[in-house]
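Colleague: Next one to model:
(2 chains)
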Amino acid sequence: MSLFKSFRDGIGFDTLLIGFALLYLLAFAGLPLIYNVIISFQQVDVFSLGTLFHPAAGWDNYLSIFRDPLANMVFWNTIVFTVGSVAFQFTIGFAFALFFHQKFPGATWFRGLFLAAWVMPGLVVGVLWNWLLSGDFGVINHVLLTTGLITEPIFWRSDIDVALYSVILANIWYGMPFNMILLSVGLAAIPDDLYEAAELDGATAWQKFWTITLPMMRATIGAVLALGTIFTLQQFDLFAAITSGGPAGSSTVAQYWSWQLSFREFDFGRGAVISVMMIIVVLAVSLVYVRSTRAETRL
Amino acid sequence: MKRTFTALAFSALLTSTAMAQDVTLTLWTESATGAEATFAGEFSEMDNGITIEVREIRFDDIVTETLRAFATRTNPDIISIDNPDHAAFAARGAFLDLTDLAAGSDQIDMDNYFPGPRSSFTWDGGVYGIPRASNTIALYYNKDLFEAAGLDPDSPPTTWDELYEAASALTDPDNDVYGIAFSAKASEEGTFQFLPWLQMTGGSFEQVNGDGAADALAFWKTLLDEGLTSPDTLTRGQWDSTGTFNGGNAAMVISGPWELNRMASDAQFEWGVTLLPVREEGGPRASALGDFNLAIFDNTEHPEEAFSFLEYFDSQMDRLWPEFTRMPPRPDVSLAPTGDARIDEAAGVFTEQLQYAANRGPHPEWPRISRAIQDAIQSSLTGQKEPQEALDDAQAVIDGILN
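Modeller: All right, here's what the predicted structure looks like:
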């Protein structure tokens, strides 16, 4: 009887809730993750993909990834892409959030409109930027040429020194509104009386930002940066639509390489190696995220 | 009221019984308006109890999507697949061996097809499909721009040197005109476009770093470095490259007969087609054999019905050229006049060019071979490697796959 009661209201009920969540996670996130780790140690091609057992490959997949001439470049590209995207998405997003926090007529409306970019499917955004960035007939080149900022067209998609930055540019545009909205929510949560008190003490705008806004936003900023990093590491559509990782692999990042290995060359073992390494990075970033949300609840 | 309802219910019951006897097949193809989709529509209209559902998948994704589906056994019954990709499926037993069905068929005779396409779907003594069509690439040129540049529109370039000179003369940056367009994209299209140049130097996909092979790559690089072709050649496929030709922004383009219908309606100028220029006068001609095959998956529940669609397709091959500007893969089917003199003239050029067309493979590891060639093209055209070095690296990869 007491057991039944505990299921209705008490420790049994709590366990039940946790149990469901755990079961779900295990089935839909845990198993695929573990399976991914397993096939990174196996030889898997598409025709054996459906079978349960594959020939073991030991560390061969890992070694061949590290020895691949592309590896170094992909590694650096991934860092540049992630850091570049997140840094600019965040700073521009923060600037816009502060801007719309000034209560001028229509501020909330305009802020909402910014989300239009973020709700578009990545592939659509990619195709759009593909046109904008086109070398011979692109809008961006046209604007830059007619305003005299450049004298020769820039081949955004086909120049090995530029291609990666073209995708970063598109990704900043794509991800910035999401940063802005989350940061706006954080800004709105800061009590106004803190600023009023500071004003009475004669604080400048910069002092208010530095000593009130930033510390009060710490949890939000941690969450935004962590989510931004994870989303950036997931970004695939823009590469597929704009550069296809080229030319000569110069805009290939880890997630795109993993897909290329798995679904273009059908070497699922080596494709899994890269996703395993990415999972480790994402796990580390997730820890930051979890810690920052924990700080949030404490506030 | 009640009677109507009963009647309705009864007729619904009837249809559902009838449907249970009907067979529905799925066909995946790169184009919902292409020959196989059109013929599938007609075939479904016939009173044969077979309905074919067509699903269109982008050219770049068709193999990926199909492999994913095959791994989970949700693949279609019939697929239209690019011929170099055929062997990978056939060698792993994914496709149905049609030998027995063809032996009992009044329509399909495997010996009827050109040897090139036939070898692309033959594996280890079995025949795993029929050719959808054949194609290859040749040189299209804008006669109006030739005249404007002081070139003779009736004698297009026949050698690499002449091609280079023509491209130089035709390039006109002030009017946004490049001399030539082609595709060096890091995909099967880049391989398809490069192999003919390699073969004209005596190379093949098995031997990519022999004497002269680097010259072929260096020739492409010259076109890029001197601005005779758009830098976007590195990232643009054949269809988009030809789009710039149709728009008057490239004076020549290397592409296949599948462009003819679009060109005939889009291009606002006089154009012609000629054979791919050779390395030196009298040098060997070459081109790559393209186009798709139709195959039936081994796990289909309705092999006979699927095969009867292949029979229907084969019976309609005389329509491939006039309606779709696809070249019939059978020597006994001639290219019927289309009523457009330019297309009919092109028919002769492509028919001759096709004689020199070499297969890609067949090899089950073709995607990796092709990837090695693409890497060589891209790394040398972007200046990261010398052509010879790039091709040596590709050869090392290819040797590892072939041996």
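Colleague: Show the subsequent helix or strand relative to the lowest-mean-pLDDT helix or strand in chain B.
Modeller: Of all helical and strand segments in chain B, the minimum by mean pLDDT, DSSP states H and E falls on helix B:2-21, at a mean of 45. Sequence order places strand B:23-29 as the next helix or strand after helix B:2-21, per DSSP states H and E.
Colleague: State the paired neighbours of that next one in the sheet, together with their directions.
Modeller: Counting by DSSP bridges, the strands paired with strand B:23-29 are strand B:50-56 (parallel), strand B:78-82 (parallel).
Colleague: and the longest one, how far from the chain's centre?
Modeller: Spelled out, it's strand B:50-56. 22 Å (CA atoms, centre = their mean, to the nearest Å).
Colleague: And stretch B:114-129, by the same measure?
Modeller: The answer for stretch B:114-129 is 16 Å, by CA atoms, centre = their mean.
Colleague: Save the strands paired with strand B:23-29 as a markdown table, and put in mean neighbour count and mean pLDDT too.
Modeller: No exception for glycine: its C-beta is placed from N, CA and C like everyone else's. Shown next, in a markdown table, are the strands paired with strand B:23-29 (neighbours: other CB atoms under 10 Å in any protein chain shown; pLDDT from 0 to 100):
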| stretch | mean neighbour count | mean pLDDT |
| --- | --- | --- |
| strand B:50-56 | 18 | 96 |
| strand B:78-82 | 26 | 96 |
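Colleague: so which of these comes closest to residue A:159?
Modeller: In terms of CB to CB, the element of the strands paired with strand B:23-29 nearest to residue A:159 is strand B:78-82, at 29.4 Å.
Colleague: Render the CA-only coordinates of that closest one in CSV, please.
Modeller: Output in CSV follows, covering the C-alpha atoms of strand B:78-82 (Å, rounded to 0.1, in the frame of the first residue of the first chain):
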residue,chain,number,x,y,z
ILE,B,78,13.2,0.2,-60.2
ILE,B,79,15.9,2.8,-60.3
SER,B,80,17.4,4.9,-63.0
ILE,B,81,21.0,5.2,-62.1
ASP,B,82,24.1,6.9,-63.5
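Colleague: And the contacts of that strand?
Modeller: Defining contact as CB atoms under 8 Å, 6 or more residues apart in numbering or on different chains, one finds that strand B:78-82 is touched by B:25-30, B:34, B:36, B:52, B:59, B:62-63, B:66, B:89, B:129, B:132, B:188, B:290-297, B:300, B:306, B:309-310.
Colleague: and residue B:151, what does it touch?
Modeller: Contacts of residue B:151 (CB under 8 Å, 6+ apart): B:166, B:169, B:170.
Colleague: Out of these, name the ones that lie in helices.
Modeller: B:166, B:169, B:170 (DSSP state H).
Colleague: Count the neighbours of residue 256 for me.
Modeller: I went with chain A, as the question did not name one. 25 (other CB atoms under 10 Å in any protein chain shown).
Colleague: sorry, should have said chain B
Modeller: By the measure other CB under 10 Å, the count of residues near residue B:256 is 25.
Colleague: Give me the phi and psi for it.
Modeller: Note on residue B:256: its backbone torsions stand at phi -110, psi -180 [degrees, to the nearest 10].
Colleague: how much space is there between it and chain A?
Modeller: Distance from residue B:256 to chain A, counting by CB to the nearest CB, to the nearest Å: 21 Å.
Colleague: Show the residue spans covered by the helices in the stretch 101-250 of chain A.
Modeller: With DSSP state H, counting those that start in this stretch as the criterion, the stretch 101-250 of chain A has helices at A:107-119, A:122-132, A:139-146, A:163-188, A:192-200, A:205-208, A:214-216, A:218-234, A:237-242.
Colleague: Adding mean neighbour count, write those out as CSV.
Modeller: Formatted as CSV, the helices of the stretch 101-250 of chain A follow (neighbours: other CB atoms under 10 Å in any protein chain shown):
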stretch, mean neighbour count
helix A:107-119, 13
helix A:122-132, 18
helix A:139-146, 14
helix A:163-188, 22
helix A:192-200, 11
helix A:205-208, 12
helix A:214-216, 13
helix A:218-234, 20
helix A:237-242, 23
